[in-house]
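S.K.: Whatever this is, show me its structure:
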Amino acid sequence: MYIVTLIAAPCARNLQAALVGALRNAWGGGDVMWLAPNEAAEFAVVEIPDNQWRVWEDLQSQGVDLVVQPATNRRKKMLLADMDSTMIQQECIDELADEAGIGKEVKDITARAMNGELDFEEALRARVGLLQGLPVTTIQKVLKERITLMPGGQVLLATMKTNGAYAALVSGGFTDFTSKVAVQLGFDENRANSLLFEGDHLTGKVGTPILGKQAKVDALEQITLRLELSDQDVLAVGDGANDLGMLGRAGMGVALHAKPVVAAQCDVRINHGDLTALLYLQGYAKSDFAVA
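M.R.: Below is the predicted model:
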């Protein structure tokens with residue numbers, strides 16, 4: 001048995017009952033359950049429809065996300081999340097670079113790295129190298145003035161933790177940012193790279209070992225072992241090429257507003273919904289959401 005979930009952006013709420021009903025009828029699905037009026041609905045089917053991705057593409061043009069997944073073990077016991085462009089709306093290193101007056105150069109490297117065109121570690125070293133001499137106070141300035149949380153994140157964390165889940169923030173970014181974001185959102189732990197300082201300025205170097213694609217998989221393995229969970233108990237979410245390892249290992253790997261090359265390798269793609277979509281995918285109704 002499989003569950004078909006349709007999700008619209010909370011700001012649009014353009015999921016029409018006629019559309020859901022027509023798809024249910026075409027796929028021979030069970031009764032429709034509305035998780036949120038005009039925003040999220042689901043129904044069961046016996047098997048994955050042959051035309052799933054053709055329908056998905058059509059719905060994308062209508063601002064609706066479509067996910068088909070096994071009906072079993074949907075409620076996850078652990079959230080493993082990327083930070084940049086996932087739990088926050090920015091790439092921290094790009095924001096630091098803007099403050100340093102080298103935004104375009106660094107953003108170009110970031111975009112290529114997240115698309116999998118460059119080796120992550122080499123790209124990180126190159127970008128951090130360009131920040132040599134930047135005052136340490138710039139980090140706090142960026143945190144205060146430039147960093148904003150991704151919509152739905154606080155509700156996602158509050159709801160999953162209220163239901164007993166563990167939450168880990170694992171980023172290829174920097175601990176100066178993850179430590180603050182983790183506290184804001186309620187993560188149980190955070191892992192990231194370390195910027196190195198000399199006096200009151202960045203040295204242009206990053207601490208080793210560098211946390212990249214494999215380190216995120218390692219985090220999944222280490223934390224699940226410690227908590228006596230399995231890969232199937234994990235919901236992982238990310239947007240870049242360095243997230244693909246953990247997205248592939250987790251029981252539910254969600255490509256959230258991801259780069260096309262990343263989304264193409266994931267069966268669960270959210271392009272229109274916000275982070276509350278991850279709750280709908282687990283079968284939570286809006287009435288089940290915890291107050292952040």
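
S.K.: Quick one: list the elements packing against the helix or strand that contains Ile109.
M.R.: Using DSSP states H and E, Ile109 sits within helix 103-114. The contact analysis (3 or more CB pairs under 8 Å, 6 or more residues apart in numbering; DSSP states H and E) places helix 103-114 against helix 92-100, helix 120-129. Just so you know, the C-beta spots here come from the backbone N, C-alpha and C atoms, and that holds for glycine as well.

S.K.: Can you check which of the ones you listed gets nearest to Gly240?
M.R.: Closest to Gly240 of those is helix 120-129 (CB to CB; 8.5 Å).

S.K.: which other residues reach the closest one?
M.R.: Helix 120-129 is contacted by residues 93, 97, 106, 109-110, 112-113, 172, 193, 195, 202, 204-206, 210, 212-213, 241-242 when judged by CB atoms under 8 Å, 6 or more residues apart in numbering.

S.K.: Buried ones among those?
M.R.: Burial by neighbour count, 16 or more other CB atoms under 10 Å: within the contacts of helix 120-129 this picks out 93, 97, 106, 109-110, 113, 172, 193, 195, 202, 204-206, 210, 212-213, 241-242.

S.K.: the helices in the stretch 1-150 of the chain, which residues?
M.R.: For the stretch 1-150 of the chain, the helices defined by DSSP state H, counting those that start in this stretch occupy 17-26, 52-60, 92-100, 103-114, 120-129, 137-145.

S.K.: Reformat those as CSV; add distance to Leu235.
M.R.: Below are those laid out as CSV (distance: least, CB to CB, whole Å):
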stretch, distance to Leu235
helix 17-26, 24
helix 52-60, 20
helix 92-100, 23
helix 103-114, 21
helix 120-129, 23
helix 137-145, 27
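
S.K.: for these, which one ends up most surrounded?
M.R.: Ranked by mean neighbour count, the helices of the stretch 1-150 of the chain are led by helix 92-100 with a mean of 22 (mean count of other CB atoms under 10 Å).

S.K.: ok so Ala236 is a strand residue?
M.R.: Yes. Applying DSSP: H, G, I helix; E, B strand; the rest coil, one finds Ala236 inside a strand.
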